[in-house]
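Engineer: How does the following fold in three dimensions:
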Amino acid sequence: MAELELIGVSKRYADQVAVSDVSLQIASGEFLSLLGPSGCGKTTLLRIIAGLVDPSEGQIKLGDRDITRVPVHKRGLGLVFQSYALFPHMNVADNVAYGLRRQGLRGQGLRRRVDEALALVRMTHLAGRLPRQLSGGQQQRVALARAIAPRPRLLLLDEPLSNLDALLRDEMQIEIRRLQQELGITSIFVTHDRSEALSMSDRVCVLGQGRLQQIGTPEDIYQNPANSFVAGFIGRSNRLQGRTVSVGLDGAILRLANGTMIHSAVSALSVGQEADIVIRYDAIRLSVASGAPDQFSGEVILRSFSGPQVQLVIRASTDMDLIAEIPSHLPAANFAPGTRVDIAINPAAVFAGGRPS
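Structural biologist: Next up is the predicted model:
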């Protein structure tokens, strides 16, 4: 039996559909990320699970219990918000104790549970401080401790890292995953950050326009996207339009707007069909231009160094620029603006899908 099950969950606001017919199962102890761009419905879906928003349709089951209409405080969930939502007049220990006191815990039992939760997030030494005396990362740890102290069956995290700087985000990603695995608690993590979802999750649920686009392991989502939306959102990608010239067992041949032909090994198209084409930055390989008349070529117009990778912007025609991401140790990473280059593209990393009519 699944720990959490959503069956045909939808949410409408007047004529706007925020979540449309989402069904999924989450196993006990699993870490699932709800991933998608702003406005895709991921936070609305989390709030429906939490009981903060009533669904227009569908059912939510926690184990064998239907919680669709159960009030939020009776669902037995732990909630961690983007804003932390700590009580400014309470110290760290009292913030963590708040939910436990509402459960009726007092005395030694209360102190023991608070101490256990603070020890798990490595905040015991700051138990007497007020929230304003803490860094962002420390406040986030207190919010986590408060959420796990009542020993919830399900932990819900709504973009909890978005207010942190890059170094703290990396640190807290590891901390949240460590804590989740140590406790074995089923967790749902909302984020718009692809790297967070891929690095932290057992499975990723990609949402777009309120619909579940794909659910799978991080590797499967990245390597085998279900459609061009998932391919474009998950990977750093060039997005182009073209038309299908031919279709075979090894994929499709596509003609870009500038007349260039490219091969996609991942497509579900028919001949003559217009297509949205997604080409991952790291799928592009460059070499010094040979001058061959049938060679796909262009000119480097911008070079950007970022440590392990170099990004090159290549102008392949007057109306088409491509971004290539090259490991900085390769010779092509040293191509300067003005260099003429031949362009080769790995067909396995070219994703094409039919354009909506």
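
Engineer: from here on, contacts and neighbour counts on C-alpha atoms
Structural biologist: Will do.

Engineer: how about the helices of the stretch 1-150 of the chain, start to end?
Structural biologist: In the stretch 1-150 of the chain, the helices defined using DSSP state H, counting those that start in this stretch lie at 42-50, 92-102, 107-120, 136-148.

Engineer: hey, what's residue 302 bridged with?
Structural biologist: residue 313 (DSSP bridges).

Engineer: my read: it touches residue 313, true?
Structural biologist: Yes. Assessed by CA atoms under 8 Å, residue 302 is found in contact with residue 313 at 5.1 Å.

Engineer: more neighbours, those two?
Structural biologist: Legend: neighbour count by other CA atoms under 10 Å for residue 302 and residue 313, higher for residue 313 (18 against 15).

Engineer: got the contact list for residue 174?
Structural biologist: Taking CA atoms under 8 Å, 6 or more residues apart in numbering, we find residue 174 in contact with residue 200.

Engineer: What ranges in the protein fall below the confidence cut-off?
Structural biologist: Applying pLDDT under 70 to the chain picks out residues 1, 267, 318, 355-357.

Engineer: Which single helix of it contains the most residues?
Structural biologist: Longest helix of the chain, by residue count under DSSP state H: helix 166-183.

Engineer: tilt between the helix or strand just after that helix and helix 166-183?
Structural biologist: If you walk from helix 166-183 toward the C-terminus, the next helix or strand you reach (DSSP states H and E) is strand 186-191. Interaxial angle, strand 186-191 versus helix 166-183 (axes from the mean of the first three to the mean of the last three CA atoms, to 10 degrees): 160 degrees.

Engineer: Off-centre distance for strand 186-191?
Structural biologist: Centre-to-centre, strand 186-191 and its host chain are 10 Å apart (CA atoms, centre = their mean, to the nearest Å).

Engineer: same deal with stretch 211-227?
Structural biologist: 11 Å.

Engineer: pretty sure residue 271 is in a helix, no?
Structural biologist: No. Judged by DSSP: H, G, I helix; E, B strand; the rest coil, residue 271 forms no part of a helix; its state is coil.

Engineer: That one: how many residues sit nearby?
Structural biologist: Residue neighbour count, defined by other CA under 10 Å, stands at 13 for residue 271.

Engineer: Contacts only, for the closest residue to residue 257 other than its chain neighbours.
Structural biologist: Closest residue to residue 257 apart from its sequence neighbours, by CA to CA, 6 or more residues apart in numbering: residue 242 at 5.8 Å. Shown in contact with residue 242 (CA under 8 Å, 6+ apart): 254-257, 274-277.

Engineer: Give the buried residues for the helix or strand where residue 242 lies.
Structural biologist: Here residue 242 sits within strand 237-248, counting by DSSP H and E. Applying a neighbour-count criterion of 16 or more other CA atoms under 10 Å, one finds 237-247 buried in strand 237-248.

Engineer: Out of the helices of the stretch 1-150 of the chain, which gets nearest to residue 269?
Structural biologist: Proximity to residue 269 (CA to CA) singles out helix 42-50 among those, at 29.3 Å.
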